[in-house]
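In: sharing a sequence plus its predicted fold:
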Amino acid sequence: MTERAQRIMEAFYLTFADKRQDFIIQKLNNDALAAALRKVVEELKYIGITEKNILELADELEAL
């Protein structure tokens, strides 16, 4: 696993860390997805957001 993929997965899972258990699951999923997408953009802005970079990152995430 690359550091980049690890940081994105952590952003996804840490979204749930401060949430109460009685929150609606859909809202948690929406928040987690938004956090993950923001992290993806943050990670890719340093190397340039291209289709190739996004697909490579998707491959890295699938390999986790």
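Out: That came through, no problem.

In: only C-alpha atoms for contact and neighbour calcs from this point on.
Out: Fine.

In: can you count the residues close to the closest residue to residue 31 other than its chain neighbours?
Out: Of all residues not flanking residue 31 in the chain, residue 15 sits nearest, at 6.8 Å (Cα to Cα, 6 or more residues apart in numbering). Residues lying near residue 15 (other Cα atoms under 10 Å) number 18.

In: quick check: the gap between residue 15 and residue 47.
Out: Per Cα to Cα, to the nearest Å, residue 15 is found 25 Å from residue 47.

In: so where's the chain shaky on pLDDT?
Out: Residue ranges of the chain with pLDDT under 70: 1, 17-26.

In: count of residues packed around residue 27?
Out: Neighbours of residue 27 under the rule other Cα under 10 Å: 10.

In: need the three-state assignment for it.
Out: In three-state terms, and counting by DSSP: H, G, I helix; E, B strand; the rest coil, residue 27 is helix.

In: let me see the contact set for it.
Out: Residues near residue 27 by Cα atoms under 8 Å, 6 or more residues apart in numbering: none.
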